[in-house]
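1. Sequence and computational prediction follow.
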Amino acid sequence: MSKSCVYFLNQNPIYRGIFSVSIRLLRKYNPNLPVTLFYVEDGGVDSYLPSLKLCKYISSDNAKKYLKIEESEIFDLCKELDVNLRRVKPPVKQLNGFNSTHRVYLKEVQDESVLLLDSDTFVYGNLDYFFDKKLDFVADKMQSYSPAAEGKQAYTEKTFWVFNYEKDRNPETPVKVRMSPFNSGVVVFNNGTAAKYGEQVLSYCNRLLLKKHPLAELMYVHREDARNREECACVLFVLENNLTWGYFDESDVQTYNFEFPVKVFHTTNSAWPYFFNVLAKQNLLVENS
C-alpha cells in the first residue's frame, strides 16, 4: 500500500512559521514517512486576514528559537527533512479566492492512503497505524467553543455540531444520516479517495458559497463569511460518493484543546500562539538548528 502525508502552505509568513513547527515534530516521530508540501505561490493573498496579527502573541525569544519564517528557510527545511516540495500556482480562481480550495492539488496525489495535515498541528507520536484504518475517510468531529479573550486559549466550552442529511439517490427509500460534520484539519483518505476529493472539492465549495446546495444554510449560520465551506465540502464528498467514514479516537487526534496522550493536536489559527508558547515552555518543540 502506498502512503504519504500532505501539507498545503501559501506565502503568508505567519503560516510558514507555523508549518516549520509542525513538520519538524512530524519528522521527529515519523522519520520515514513520505511527505509532500504543496507550496502555493499566491503572494499570501489567499489568507485569513486576522492571521496576520498572530505574531504579536508570540514571544520574540520563542520565535527566534523555534520558527522559520523566510521562504528560503522553508525550502532549506524541506531539503533537510526530505520533504517533496511542490511549488504550484493558485488554482484557477472561481468566485473569490480561499486557501482551502488549494486542496484541488490533491488530485495529483495518487497514493492509496493519504494523511492530510493542516500546518497548525503538533505531532507527538508515530502515525503509521493511522494508515491501517479500513474506512475510506477518517477525520475529527467539527466542534464549536465559546471564545475567550483574543490571544488566549480561545475556547472555554465545547459543543458538537449535529445535523440530519437525507440521501435521495433512490427517492422511494431515502437514507437519513445523523452525524457531526468533519473538521478537515487532520484527515486520512484511504482507497485513493484523496485524488478523488481533489477533483471535486472546488465544485462543492462554489456550490456552497452560492447557496446552490441545501447544506449551505447550515454553513452560513455558523460562519457568515462562508470560511468553513471546504469542511462542509468534505461532508458532501463523503456522503454523496457513498464512502465509508468515521472519526478519530481522542488518543489519535484532538482539536482546539488537548491533553496527553495524543498523537496529533490540531489548534486553529487564533489559538495557535497560545499553545505554541505553552509547548515551548515545556520544551516540547524542536528547536531551530
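-> Here it is on my side, so go on. Numbers count the residues shown, from 1 in each chain.
2. Ramachandran angles for residue 184?
-> Here is the backbone geometry of residue 184 (degrees, to the nearest 10): phi -90, psi 20.
3. no, scratch that, I was asking about residue 8
-> Here is the backbone geometry of residue 8 (degrees, to the nearest 10): phi -120, psi 140.
4. do you know how far it is from residue 275?
-> According to C-beta to C-beta, to the nearest Å, residue 8 stands 21 Å off from residue 275. For every residue, glycine as well, the C-beta is placed using N, CA and C.
5. for residue 87, same thing?
-> Per C-beta to C-beta, residue 87 is found 29 Å from residue 275.
6. between those two, who's got more neighbours?
-> Per other C-beta atoms under 10 Å, whichever of residue 87 and residue 275 has more neighbours is residue 275, with 19 against 10.
7. excluding its backbone neighbours, what's nearest that one?
-> Nearest residue to residue 275 in three dimensions, chain neighbours excluded: residue 267, at 5.2 Å (C-beta to C-beta, 6 or more residues apart in numbering).
8. show me the contacts for that neighbour.
-> 120, 121, 122, 255, 256, 275 (C-beta atoms under 8 Å, 6 or more residues apart in numbering).
9. Likewise for residue 40?
-> Contact analysis of residue 40 by C-beta under 8 Å, 6+ apart lists 8, 9, 10, 11, 46, 88, 89, 90, 99, 102.
10. again with residue 250
-> residue 262.
11. do that again at 7 Å, thanks
-> With contact set as C-beta atoms under 7 Å, 6 or more residues apart in numbering, residue 250 has no partners.
12. how near is it to residue 266?
-> Counting by C-beta to C-beta - residue 250 and residue 266 are separated by 12 Å.
13. coming back round to it: go ahead and build a PyMOL selection from the buried members of the contacts of residue 267.
-> The following PyMOL line selects those of the contacts of residue 267 that are buried, judged by 16 or more other C-beta atoms under 10 Å:
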select buried, resi 120+121+122+255+256+275
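14. Can you tell me which of the contacts of residue 267 is nearest residue 237?
-> The closest of the contacts of residue 267 to residue 237 turns out to be residue 255 (C-beta to C-beta; 19.4 Å).
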